[in-house]
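**Q** Starting from these lines, generate the structure:
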Amino acid sequence: MDRKAGRPLRVWIGAALAACAIGLLLSASQSFRWQSCCGSDDLYRATGKAESFPGSCTTFAVSYGNHVLFGNNEDFTDPNTYIWSVPGDAGSYGGVYLGYQAGRPQGGINEVGLAYDALALPATTLNPQPGLPPKGSSDTAFLGRMLSRSATVEEAISFAQGYNWGASITFQVLLADATGDAVIISAGPDGELAFTRKPGGDGYLVATNFNRANPDNRYGGYPCWRYEKAAAMLDQIESEADLTAGYLQSILDAVHAEGAKENTLYSNIFDLQSGAIYLTYWHQFDEVVTLSVAEQIDRGASPVRLRELFSQETVAQAEAEHHRHVARAAREEWLNRHGKVIIGGGGVTILGLIGSVVYLHGRRRKHVGEQ
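**A** Numbering: from 1, shown residues only. I've put the predicted structure just below:
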């Protein structure tokens, strides 16, 4: 065969093979992206795990010897987070609250060291108690009243039992006090309020987004990887020296959320004995702002955007990371919508090239035979 005459055939074969390779790469890439995309919430964790539900906070209380600390990640989609204080009076304790605008606290600590934070759950049935006064339509306002009227976990439980919580509930709440006592209040499988207690003495209590009293009532998988990770790290505390705000920050970092929509908006650690508050912003754990419960109450602080407490560098870093996640989500959404068309078109092109090669090869053989 003439080498020059065979060159076009080799070119067409090479082109067809290259098109096949490109098509396979596109197909593999698209397959990976479809499997890694977690749906509408597009939530990516530091561990590479993905979940999709409205809020995925992690909260825990831990005590060892004379040290009692409370830790929390606030994971949600609303970046407008605030801190404010409410003074006490003859019938209530002053407190410092964290949450969203319009006075919607998600958690807080009062002046005598009682702290709480609430975690989202799917709605589940409660047995109404019509003989008791209603708790009111606002869950956040009710929990704020509980904090202002209670000094200990026992008093908070008594406060909770004194109200009609209605016919359903969409959260559980973890409370802890300066003695090391802690409880999670949620709906039990029988429809009654359940009180999951921390064992006495040294130890911890953890809550995420499965109902500790009824795990079938949950967002996300069960067992919860955030719960298991936090519990495993809390198990490593073997002395008072091990129980530090810095170590608890490493736990919160290990279970934080980051993505295009849902993020760990802030993390807080409360020292329930000293009244110290340690804050980090938007899972940027390199900068910690330290506040005092007593000073915040005395100052009578009106709501302050949390981002205003942190350096411009920290805020800029948080925004840059979020923009990268948004861009990544946009690319994946585009590929999810149009990738199949691209791959389908590539497949047609590959088949066309292969057909052309077969046709030309046949023509070449015929031409050679005629000669």
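
**Q** Can you verify residue 249 is assigned to a helix?
**A** Yes - when DSSP: H, G, I helix; E, B strand; the rest coil is applied, residue 249 is found to be in a helix.

**Q** now it: how far from residue 191?
**A** Here the distance between residue 249 and residue 191 works out to 38 Å (Cβ to Cβ, to the nearest Å). Bear in mind the C-beta positions are built from the backbone N, C-alpha and C, glycine included.

**Q** what does residue 66 give?
**A** 39 Å.

**Q** Residue 327 now?
**A** Residue 327 is 46 Å from residue 191, by Cβ to Cβ.

**Q** So those two - more neighbours on which side?
**A** Just comparing residue 327 and residue 191: by other Cβ atoms under 10 Å the higher neighbour count belongs to residue 191, 16 against 11.

**Q** so who does that one touch?
**A** Under the criterion of Cβ atoms under 8 Å, 6 or more residues apart in numbering, the contact list for residue 191 reads 125, 126, 127.

**Q** which one of those residues is nearest residue 78?
**A** Relative to residue 78, the closest of the contacts of residue 191 is residue 126; by Cβ to Cβ it sits at 26.6 Å.

**Q** What's the local residue count around the closest one?
**A** Here the count is done by other Cβ under 10 Å, and residue 126 has 18 residues near it.

**Q** Surely it and residue 165 touch.
**A** Yes - A contact is recorded between residue 126 and residue 165 when judged using Cβ atoms under 8 Å, the distance being 5.4 Å.

**Q** shared neighbours of these two, anything?
**A** In terms of Cβ under 8 Å, 6+ apart, residue 126 and residue 165 are both contacted by the residues residue 193.

**Q** just for the stretch 251-371 of the chain, where's the confidence low?
**A** Regions of the stretch 251-371 of the chain meeting the criterion pLDDT under 70 cover residues 339-371.

**Q** which stretches of it form helices?
**A** If you assign secondary structure with DSSP state H, counting those that start in this stretch, the helices in the stretch 251-371 of the chain sit at 293-299, 312-370.

**Q** elements contacting the first one?
**A** When you say that, I think you mean helix 293-299. Packing partners of helix 293-299 (3 or more Cβ pairs under 8 Å, 6 or more residues apart in numbering; DSSP states H and E): strand 81-86, strand 95-100, strand 276-281.

**Q** I'd like to know which of those is closest to residue 178.
**A** Ranked by Cβ to Cβ, the member of these that lies closest to residue 178 is strand 276-281, at 12.2 Å.

**Q** helices or strands up against that closest one?
**A** Applying 3+ Cβ pairs under 8 Å, 6+ apart, we find strand 276-281 packed against helix 245-254, strand 263-271, strand 284-292, helix 293-299, helix 312-370.

**Q** Show me the contact partners of the third one.
**A** Outside of strand 284-292, the residues within contact range by Cβ under 8 Å, 6+ apart are 83, 96, 245, 249-250, 252-253, 267, 275-281, 309-311, 313-314, 317-318.

**Q** If we use 10 Å, what do you get?
**A** Outside of strand 284-292, the residues within contact range by Cβ atoms under 10 Å, 6 or more residues apart in numbering are 83, 85, 96, 245-246, 249-250, 252-253, 256, 264, 266-269, 271, 274-281, 298-299, 301, 306, 309-311, 313-318, 321.

**Q** That one pairs with which strands, and in what direction?
**A** Strands adjacent to strand 284-292 in the sheet, as given by DSSP bridges, are strand 276-281 (antiparallel).

**Q** so how far is the partner strand off the chain centroid?
**A** What separates the centre of strand 276-281 from the centre of its chain is 18 Å, taken as Cα atoms, centre = their mean, to the nearest Å.

**Q** ok, what's across the strand from residue 118?
**A** Taking DSSP bridges, one obtains residue 173 as the residues bridged to residue 118.

**Q** thought it was touching residue 147?
**A** No - contact between residue 118 and residue 147 fails when scored by Cβ atoms under 10 Å: they sit 11.1 Å apart.

**Q** Need the residues touching each of those two.
**A** Jointly contacting residue 118 and residue 147 under the rule Cβ under 10 Å, 6+ apart are 105, 107, 175.

**Q** Out of those, grab the one that's most surrounded.
**A** Comparing the shared contacts of residue 118 and residue 147 by number of neighbours (other Cβ under 10 Å), residue 175 comes first, having 30 neighbours.

**Q** contacting residues for the nearest residue to it once chain neighbours are set aside?
**A** Spatially, and ignoring its direct neighbours in sequence, residue 175 is nearest to residue 116 (4.5 Å; Cβ to Cβ, 6 or more residues apart in numbering). For residue 116, the contacting residues are 59, 61, 70, 72, 95, 97, 105-110, 143-144, 146-147, 150, 153, 156, 173-177, 182-183, 185, 270, taking Cβ under 10 Å, 6+ apart as the criterion.

**Q** roughly how far apart are residue 287 and residue 311?
**A** Distance from residue 287 to residue 311, by Cβ to Cβ: 6 Å.

**Q** Need the overlap of contacts for those two.
**A** Both residue 287 and residue 311 are contacted by 281, 317, under the criterion Cβ under 10 Å, 6+ apart.

**Q** My guess is residue 57 contacts residue 173. True?
**A** No - the pair formed by residue 57 and residue 173 falls short of the contact definition of Cβ under 10 Å, at 11.1 Å.
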